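Engineer: need coordinates for the following:
(chains A and B)
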Protein chains: 2
Amino acid sequence: MPAEGVDSTMIPEDASKTSKTTIALDAMGGDFAPDEIVHGAIAVAGPSLHVILTGRRAEIERCLAAAEDSIREYITVVDAPDVIGFDEDPVNAVRTKTGSSLVMACREVAEGRADGVISAGNTGAMLAAALFNLKRIHGLKRPGLCAVLPTPGKPTLFIDVGANSEVRPVHLLEFANMASIFAQFVLDMKNPSVGLVSIGEESIKGNDLVLEAHRLMAASPDLNFYGNIEGRDMVRNVVDVVVTDGFTGNVSLKLMESTSSLIVEEVKKAASRGIVAKIGGLLLKKQLMAFKDSIDNEEHGGAYLLGVRGLAVVCHGNASRRAIASALKYTARASEQRLISKLEERIRTLGDVARL
Amino acid sequence: MPAEGVDSTMIPEDASKTSKTTIALDAMGGDFAPDEIVHGAIAVAGPSLHVILTGRRAEIERCLAAAEDSIREYITVVDAPDVIGFDEDPVNAVRTKTGSSLVMACREVAEGRADGVISAGNTGAMLAAALFNLKRIHGLKRPGLCAVLPTPGKPTLFIDVGANSEVRPVHLLEFANMASIFAQFVLDMKNPSVGLVSIGEESIKGNDLVLEAHRLMAASPDLNFYGNIEGRDMVRNVVDVVVTDGFTGNVSLKLMESTSSLIVEEVKKAASRGIVAKIGGLLLKKQLMAFKDSIDNEEHGGAYLLGVRGLAVVCHGNASRRAIASALKYTARASEQRLISKLEERIRTLGDVARL
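Structural biologist: Alright, predicted model coming up:
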């Protein structure tokens, strides 16, 4: 269930008063589109954050009727007749449905009218559309998809969660450096530590990919490299940034989400067995809800495709207005912080290594 | 904390009345060795299950003082002066410490005095010792380590959880077939379904390894192949047997354990915040403990190395007497069911495919 309200204080102070950012938002992507998507835009649009909604104009305008005029003027609608469904083959859909809300949102960035693009639609299609339409940043070999996990205490960045199912060591080096920059400038983490996922902590543990990536990362001058981490460390705040290939990353992310929701379901079931347990569950409810909020997936909006010119953000299919508002907030912040330039600078320092 | 008592009814009926099985048990391996290890043996040793304990004789005999004479006669002690520590390099330790409890336990099987071997010591060393000392079953390319996960409802088998950090498609085919046989004959699952871990359900999703493994598994005559599964399905009883490479498997297993214990810890913390929550927690305690028991890692003993002649079992370092008793029980059952012969028969049917 999407959250009812959105806290407008979520926009960082610095973002609300400085330069103008424009973000393209696929209004038709997601289980609760277009309503929740449009309401996410209404919640955060303003003088410093313009939103371009792409999709079926009539449906979007109906949702926009809820917006006050003072907000409405910061939202533009671009009519896009087509929609890419969740079940469509990503590459084929992106090639053939050029008039879809998702592809047209990406084109707003490609053609210079927006700084970033967000979709809660077909994840594969969004990745394909962003990779096809947006140029890679100079010198980079592979963009990576970076999720921000709501681990208790502080968030953990997790890259790559599915953009690349086969990688070489230098790609892991690029992912590590890009996610560090994102952590530092968008999430305000100081000198973020980076761990490489392996099957043992020692530098000699792992497969060939990990052994060589470890060597490259240890030699990377601007990286706060912690070393190898194991599966058990990934959710334990051992490091700020977790680096792995897109296959392991995608499997791990989905497994992690599934395991935590499974345990929460089982605790709920336990609290409904018999009158005593039911009373116990009611007394505990407030604290359990507070915990549930603290590991809320929607707080950080979605997964960020790092390495293309213009931030591309993939939200969960079930994204609520709150998730969309968060994604808009972080994308705006990335733009204010000139994330792309900072990524380019960092990738330039990898030049010598990247030629390997 | 190790459990206090062990339920002797855990031995399957058929195992207690039929042929004699002998299992070698590393008495010195594990955080609670030798006490918990020896007590695990005392709990299940009997006319149908002889246990050979390897380790420092004096320490073992001290623990064995607790055993009744009627049980004591089914336990043999083999003196092994050395112990391999958790921090030692596995391969080096196995090569140099030939008089260690772990290596000597494996040799009991290699030299025909035992049918299976169990250790809760250094996992890497146990894998190395088993792979060095025990012959592979005929025609097999790669043994795989199979964990039995306590997923709610029914257990899920998970192979490979760390024996092979680099694999080829045919190895995944072998893992799938071996774990199916184990599920069928040791865990009494009828026609167990098998899923291949990938980053999408469609057969065209995944990396090169998975695409080819999918093709082989779909063509494997005796396999009840479900198709690809995603990370989210691994703990949801979508299939009985989950197949993946040892890198992804090891990372996933540790992540899963860590995520579930993290959530349980957070629920406990929530139940200690304020008097109302504390009372709620107390009222819920019984149901929560029942749930905790239902996902008890110790119920299935440990992880089973499938593909060597003689079952080799790796238990958690923190194994209690209950975990050890379970491992003994399942290893005995595997022996009674002539698991090794059944694995050989199945591997023979893969002959044509395995030559690829």
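
Engineer: the stretch 1-150 of chain A: helices as residue ranges?
Structural biologist: Remark: helices assigned in the stretch 1-150 of chain A by DSSP state H, counting those that start in this stretch are A:13-17, A:35-44, A:57-64, A:69-72, A:90-96, A:101-110, A:123-133.

Engineer: which one of those lies closest to A:R309?
Structural biologist: helix A:101-110 (7.9 Å; CB to CB). C-beta here means a position set from N, CA and C on the backbone, and glycine is covered the same way.

Engineer: coming back round to it: can I get the helices of the stretch 1-150 of chain A in TSV with mean neighbour count and distance to chain B?
Structural biologist: Rendered in TSV, the data for the helices of the stretch 1-150 of chain A read as follows (neighbours: other CB atoms under 10 Å in any protein chain shown; distance: least, CB to the nearest CB, whole Å):
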stretch	mean neighbour count	distance to chain B
helix A:13-17	13	30
helix A:35-44	26	22
helix A:57-64	16	29
helix A:69-72	12	37
helix A:90-96	17	10
helix A:101-110	26	18
helix A:123-133	24	8
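
Engineer: so where's chain A uncertain?
Structural biologist: A:1-19, A:290-298, A:352-356 (pLDDT under 70).

Engineer: burial count for A:D82?
Structural biologist: Residues contacting A:D82 under the criterion other CB atoms under 10 Å in any protein chain shown number 17.

Engineer: thought it was touching A:V94?
Structural biologist: No. Counting by CB atoms under 8 Å, A:D82 sits too far from A:V94 to count as a contact (11.1 Å).

Engineer: hey, what's in contact with both of those two?
Structural biologist: Each of A:S100 lies in contact with both A:D82 and A:V94 under the rule CB atoms under 8 Å, 6 or more residues apart in numbering or on different chains.

Engineer: and the residue of the stretch 101-250 of chain A found nearest chain B, what does it touch?
Structural biologist: Nearest residue of the stretch 101-250 of chain A to chain B: A:G231, at 3.1 Å (CB to the nearest CB). Counting by CB under 8 Å, 6+ apart, A:G231 touches A:197, A:252, B:250-256, B:258.

Engineer: now, those residues that are in strands?
Structural biologist: A:V197 (DSSP state E).

Engineer: which one among the contacts of A:G231 gets closest to A:G30?
Structural biologist: Nearest member of these to A:G30, counting by CB to CB, is A:S252, at 23.5 Å.

Engineer: contact partners for the residue lying closest to the closest one once chain neighbours are set aside?
Structural biologist: Computed as CB to CB, 6 or more residues apart in numbering or on different chains, the closest residue to A:S252 that is not its neighbour in sequence is B:L255, at 5.6 Å. B:L255 sits next to A:231-232, A:234-235, A:252, A:255-256, A:259 when contact means CB under 8 Å, 6+ apart.

Engineer: one more: A:L209?
Structural biologist: A:L209 sits in contact with A:167-169, A:172, A:245, where contact means CB under 8 Å, 6+ apart.

Engineer: one more time with 7 Å
Structural biologist: A:169, A:245 (CB atoms under 7 Å, 6 or more residues apart in numbering or on different chains).

Engineer: tell me which helix or strand it sits in.
Structural biologist: Following DSSP states H and E, one finds A:L209 within helix A:208-218.

Engineer: who are the packing partners of the following helix or strand past that helix?
Structural biologist: Next helix or strand after helix A:208-218 toward the C-terminus (DSSP H and E): strand A:224-229. In terms of contacts (3 or more CB pairs under 7 Å, 6 or more residues apart in numbering or on different chains; DSSP states H and E), strand A:224-229 is packed against strand A:193-197, helix A:208-218.
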